[in-house]
Structures are given as C-alpha cells and as structure tokens.
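Undergrad: Here is the input, now give the coordinates:
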Amino acid sequence: MFIDREKELAFLEQKWRESKAQLIVLWGKRRVGKTELVKQFIMNKPHIYFLAESTHEREQLRRFSLILGGFFKEPLLITRGFDNWDEGFRYIRENNQRFVLVIDEFPYLIQSKSGIPSIFQRAWDEYLSSSLVFLILLGSSVAMMETEVLGYKAPLYGRRTGQWKIQAMPFAEIKDFRRSKSFEDQILHYSVCGGTPAYWLWFSKGNDFYQNLRNHVLKKGEPFYDEVEFILREELREPRYYFSLLQAIAQGKRRLSEIVNATGIQQPTANKYLGVLSDLDIVEREVPVTEDKPLKSKKGLYKIKDEFFQFWFRFVFPRRSELEMDNVDRVIENIKQEIPDYLSFIYEKVAREIVMNNMDLFFNFERLGRWWNKNEEIDIVGLSEEKNAILFGEAKWSQRLVGVNVFEELRAKAKKVEWGDEKTAQFYMLFSRRGFTKGMTDLAAKEGAFLFRGDEIIGFQNNIS
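TA: Alright, predicted model coming up:
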C-alpha cells in the first residue's frame with residue numbers, strides 16, 4: 001500500500017524529464033518509506049536497483065557486477081565481474097543509456113570501504129556527469145548521509161543535482177492506512193506508529209488497537225519489540241547515555257536542568273547528546289511560539305519528536321522486565337489507565353497539523369506552535385505579522401462535550417500572551433474529541449470561533465480578511 005509522497009514523486013519526475021545526468025541524494029530515518037518511494041518512481045523506467053549490505057567491499061562489487069551484467073545483458077560481467085568500482089562506472093559511461101541507478105543503503109557501502117565517497121566523486125567527475133545516468137544515493141543513517149555525502153567537507157559535496165530529506169508522513173495522510181476505521185482508532189494507532197509507514201504496515205488491519213499492541217509491540221520476537229534498540233545501536237556509539245536521556249524526557253523531564261538531574265549526565269555532555277538526537281529527528285527543542293530569538297531563549301523544553309520512541313520510552317521500556325516474564329496483561333492494563341492523558345498530547349499535535357492544513361480558513365501564519373509561561377499554556381498559537389493577527393486554540397481529548405468554560409479559559413489565557421498591539425486581530429478555535437455543548441456552538445457562532453470535532457470542522461465564520 002503506497003500513500004501520498006506526491007511532492008517527492010513530482011520532484012523526481014521533474015528531474016527525470018531534464019534528460020541529463022543527475023545525482024540525487026535521498027535520506028531519512030529508517031522505515032520512513034524511502035525505498036518504497038523510489039520503487040514507485042522507477043516503475044516503468046529502465047533501472048538498476050542495488051541494495052548495499054553490511055558486508056566486505058569485494059562482495060559488494062561482485063553483486064554490483066552481476067546486476068549490471070543482467071541489465072546490459074553482458075555475460076562476462078556475470079562470470080568475471082569488475083576488478084574495481086572505477087571499471088564499473090567507466091562501463092556505464094561507455095554504454096551510455098538513460099536509466100535510473102539506485103544505490104540503496106549507501107552508508108553500508110561506505111562502511112565496507114572508507115574511500116567510497118572519494119571513488120564516487122571521481123567517477124561522477126570523470127564519467128557519470130557527462131552520461132545520461134540518473135543516479136540516486138539512498139541512505140537511512142541520517143548522521144552518515146549528512147556528514148559523508150552532504151557535508152561541506154565530504155568528497156561529493158557540490159556534485160549532487162538534487163536532494164530531498166524524506167520526512168515522516170502527516171496524520172492527514174498516514175491515517176489512510178486505516179481509512180475504514182474511526183478517528184479514535186486512527187489516533188490510537190498514530191500514537192504508536194506516528195508518520196512512519198512501515199509501522200502501520202506491521203499492524204494487522206483487522207485488529208483493534210489493543211490487539212495490535214499485544215501482538216506486535218509487546219510480544220517478544222516481533223519487529224516492534226527491539227526496534228528502538230536496533231535504531232539507536234545502528235546510529236550511535238554510546239546508546240546507553242541516549243537511553244537515559246530519552247527515558248527522562250518521556251517521563252516528563254523536559255527542561256535541560258531536569259534532564260541533567262534525572263540522568264546524572266553533566267550539562268555539556270547532555271547538550272551534546274541531545275543535539276545528536278535532534279539531528280536524527282528523534283528529539284527536538286521547543287520554545288514558545290512568540291519567542292523572537294528561539295536559540296537564545298531560556299524557556300526551551302525538549303520533547304521526543306518520534307511517536308514510536310515516545311510511546312516506547314513512556315510505556316514499554318520501564319516495563320521490559322514484566323514483558324520478559326510474559327506479564328503482558330498487566331502491562332496492557334497499565335497502558336489503558338495512562339493512555340487518555342497520553343492521547344491528549346497526541347491530539348494537540350494533530351490539531352496543530354490540522355490548523356496548518358486549513359490555513360485557507362484562517363490566514364497564512366509565519367509561525368505556528370505552542371505558548372506557555374510558568375503556570376499556563378496554550379496548545380495552538382498562530383502568528384501573522386502580515387495580517388497583524390493571532391489565532392488561539394485548545395485541543396481537548398475528553399469523553400465530555402466541550403463547553404463555554406473552556407472557551408472562556410482560553411480567552412483569559414490569551415490576554416497574557418505578549419505579542420502584537422492593540423490593533424492585533426484575535427481569533428479562537430477549539431478541538432474536541434466528542435463535540436460541543438449547545439451553549440458552546442451558539443457562542444462560537446456569535447464570536448466567530450472555529451470548532452473541530454475530531455479532525456473535522458463543524459462550524460466557523462470565515463470573517464478573516
């Protein structure tokens with residue numbers, strides 16, 4: 001099942017139409033759908049797909065020779081193969097054809113021979129740049145791709161003709177993996193799978209959330225069970241320190257001082273490791289949306305950006321001993337007790353995405369995020385200097401209908417937000433899991449507020465000019 005990725009495919013197709021040599025770099029975290037994207041692109045195009053593996057260079061070259069021999073129908077390549085990479089690239093130039101050459105998991109090739117980036121740089125300069133080849137270098141090791149391929153000091157720097165970092169998919173698209181299910185079912189699965197397509201495919205479509213949790217996340221031997229450890233050990237040299245940091249953040253320690261106290265890791269070291277986790281798209285530092293100098297802000301809070309990492313460190317990692325003893329029922333009961341509060345956090349994130357996807361109803365925000373001070377916070381704040389307007393919103397994951405009191409509390413908190421001037425236009429919105437009281441819908445009509453039930457708008461007055 002292939003969903004979305006329209007912009008990425010359009011980018012690749014546009015490059016293909018240019019009919020000249022291309023060196024495209026695609027990278028992103030594991031399971032995010034890079035290979036599936038490329039498979040969609042090369043469908044019905046002449047192509048060679050080479051998957052590098054964690055093996056020695058000679059074996060990599062032998063397999064590369066076999067694949068080229070099959071594509072060009074050259075028996076000698078199948079029986080003898082190339083003696084070195086340079087021969088292979090020269091052969092491609094001499095048999096000048098328009099085709100896509102995909103080298104997947106390029107970091108494994110680098111691991112097999114440290115000089116691979118220099119070899120590819122020389123091959124591009126001497127042979128491939130004047131050919132018709134459409135070369136795609138694909139990689140899941142974010143750190144290695146960004147240093148060894150994209151980095152300023154990397155041999156291939158300046159050679160690429162295009163690049164695209166493949167990001168996690170938004171909820172609006174990824175929920176189609178369970179398109180026949182309820183919004184609550186989709187939110188529950190999103191709380192584990194996030195925007196990673198492979199994770200949705202690991203779940204059984206016919207099972208409800210807790211069946212999937214039992215059968216796939218909490219069951220030893222299933223891919224989910226060791227996924228976090230696998231990724232961290234693949235990417236990092238000292239995973240134990242990162243485990244400590246991620247567990248602290250998942251348990252609510254979000255200020256740097258709190259993280260340092262909880263882990264015992266000194267602040268300079270913690271700062272360094274948190275930066276690495278940020279580069280890997282696992283963690284991010286968040287500041288109130290109204291801060292003009294985010295990097296210098298003292299209000300920064302750390303959060304786990306990847307939903308599966310957040311879920312795993314919140315619910316699974318602390319209970320691994322019980323799971324190893326097959327006490328799955330007790331773990332599930334604990335999760336059921338804690339999941340409503342956890343889904344409030346997830347729904348807030350989804351609500352901000354919904355606002356971003358519906359800016360035609362509001363106005364184009366230069367900034368969209370959260371706001372907080374010492375005692376209070378607002379889930380959604382959108383700022384537009386161009387329109388001199390600000391939008392405030394709250395998301396409530398509750399069984400009860402949202403009433404007028406929630407709207408009045410939001411309006412009271414909004415008065416404490418220091419942004420704009422007396423002429424700044426203010427707008428309000430509420431998100432509710434179940435819906436709204438009649439009093440709230442009547443007030444929304446009067447005040448021009450926007451109301452969303454689940455992820456669907458149920459009432460608004462488009463009075464933003």
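
Undergrad: and Met43, how many neighbours?
TA: Residues contacting Met43 under the criterion other Cβ atoms under 10 Å number 8. C-beta: built from backbone N, CA, C; applies to glycine.

Undergrad: so where do the helices sit in the stretch 201-350 of the chain?
TA: Using DSSP state H, counting those that start in this stretch, the helices of the stretch 201-350 of the chain run over 209-212, 227-235, 239-250, 256-263, 267-279, 307-311, 320-324, 328-357.

Undergrad: And those helices: which comes nearest Pro288?
TA: helix 328-357 (13.8 Å; Cβ to Cβ).

Undergrad: what's the closest of the helices of the stretch 201-350 of the chain to Asn44?
TA: Closest approach to Asn44 among the helices of the stretch 201-350 of the chain (Cβ to Cβ): helix 328-357, 31.2 Å.

Undergrad: List the buried residues of the next helix or strand after the closest one.
TA: As assigned by DSSP states H and E, the chain's next helix or strand after helix 328-357 is strand 367-372. Buried residues in strand 367-372, counted by 16 or more other Cβ atoms under 10 Å: Leu368, Gly369, Arg370, Trp371, Trp372.

Undergrad: And for stretch 309-329?
TA: Under 16+ other Cβ under 10 Å, the buried positions of stretch 309-329 are Phe309, Gln310, Phe311, Trp312, Phe313, Arg314, Phe315, Val316, Phe317, Arg319, Leu323, Val328.

Undergrad: Closest one of those to Asn357?
TA: Using Cβ to Cβ, these come closest to Asn357 at Gln310, 22.1 Å.

Undergrad: between the buried residues of strand 367-372, which is nearest Glu258?
TA: Trp372 (14.9 Å).

Undergrad: Next, the contact list for the residue lying closest to that closest one once chain neighbours are set aside, please.
TA: Counting by Cβ to Cβ, 6 or more residues apart in numbering, Trp372 lies nearest to Pro288, which is 5.7 Å off, once chain neighbours are set aside. Contacts for Pro288 (Cβ atoms under 8 Å, 6 or more residues apart in numbering) come out as Ser297, Lys299, Gly369, Arg370, Trp371, Trp372, Asn373.

Undergrad: before we move on, back to that, His189 is nearest to which of the helices of the stretch 201-350 of the chain?
TA: helix 209-212 (6.1 Å).

Undergrad: okay if I get the buried residues of strand 367-372 as CSV plus pLDDT and distance to Gln186?
TA: Formatted as CSV, the buried residues of strand 367-372 follow (pLDDT from 0 to 100; distance: Cβ to Cβ, whole Å):
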residue, pLDDT, distance to Gln186
Leu368, 95, 22
Gly369, 95, 23
Arg370, 96, 23
Trp371, 97, 27
Trp372, 96, 28
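
Undergrad: Need the residues you listed in a markdown table (columns: distance to Ser130).
TA: Shown next, in a markdown table, are the buried residues of strand 367-372 (distance: Cβ to Cβ, whole Å):
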| residue | distance to Ser130 |
| --- | --- |
| Leu368 | 46 |
| Gly369 | 47 |
| Arg370 | 51 |
| Trp371 | 54 |
| Trp372 | 56 |
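
Undergrad: And those residues, which is closest to Thr55?
TA: Using Cβ to Cβ, Gly369 is the member of the buried residues of strand 367-372 that lies nearest Thr55, at 44.8 Å.

Undergrad: what about the closest one, distance to Glu284?
TA: 11 Å (Cβ to Cβ, to the nearest Å).

Undergrad: do the same with Gly300
TA: Counting by Cβ to Cβ, the gap from Gly300 to Glu284 is 10 Å.

Undergrad: anything in contact with each of these two?
TA: Overlap of the contact sets of Gly300 and Glu284 (by Cβ under 8 Å, 6+ apart) is empty.

Undergrad: Which residue ranges of the chain form strands?
TA: For the chain, strands defined by DSSP state E occupy the ranges 22-27, 47-51, 100-104, 134-139, 162-165, 283-286, 301-304, 367-372, 377-384, 389-396, 425-432, 450-453, 456-459.

Undergrad: looking at these, which is buried most?
TA: strand 134-139 (a mean of 26; mean count of other Cβ atoms under 10 Å).

Undergrad: ok and it relative to strand 22-27, angle-wise?
TA: Angle, strand 134-139 to strand 22-27, by axes from the mean of the first three to the mean of the last three Cα atoms, to 10 degrees: 20 degrees.

Undergrad: Can you give the distance of strand 134-139 from its chain's centre?
TA: Mean-position distance between strand 134-139 and its chain equals 20 Å (Cα atoms, centre = their mean, to the nearest Å).

Undergrad: Please export the C-alpha coordinates of that strand as PDB.
TA: Only the C-alpha atoms of strand 134-139 are listed here, as PDB (Å, rounded to 0.1, in the frame of the first residue of the first chain):
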ATOM      1  CA  PHE A 134      20.100   9.100 -13.200                       C
ATOM      2  CA  LEU A 135      22.000   8.200 -10.000                       C
ATOM      3  CA  ILE A 136      20.100   8.000  -6.700                       C
ATOM      4  CA  LEU A 137      22.100   7.600  -3.500                       C
ATOM      5  CA  LEU A 138      19.700   6.500  -0.700                       C
ATOM      6  CA  GLY A 139      20.500   6.200   3.000                       C
END
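
Undergrad: could I get the buried residues of stretch 309-329 as CSV with distance to Leu12 and pLDDT?
TA: Compiled in CSV, the buried residues of stretch 309-329 are given as follows (distance: Cβ to Cβ, whole Å; pLDDT from 0 to 100):
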residue, distance to Leu12, pLDDT
Phe309, 29, 95
Gln310, 31, 96
Phe311, 32, 96
Trp312, 33, 96
Phe313, 35, 95
Arg314, 37, 95
Phe315, 38, 95
Val316, 36, 94
Phe317, 38, 92
Arg319, 43, 93
Leu323, 42, 94
Val328, 43, 94
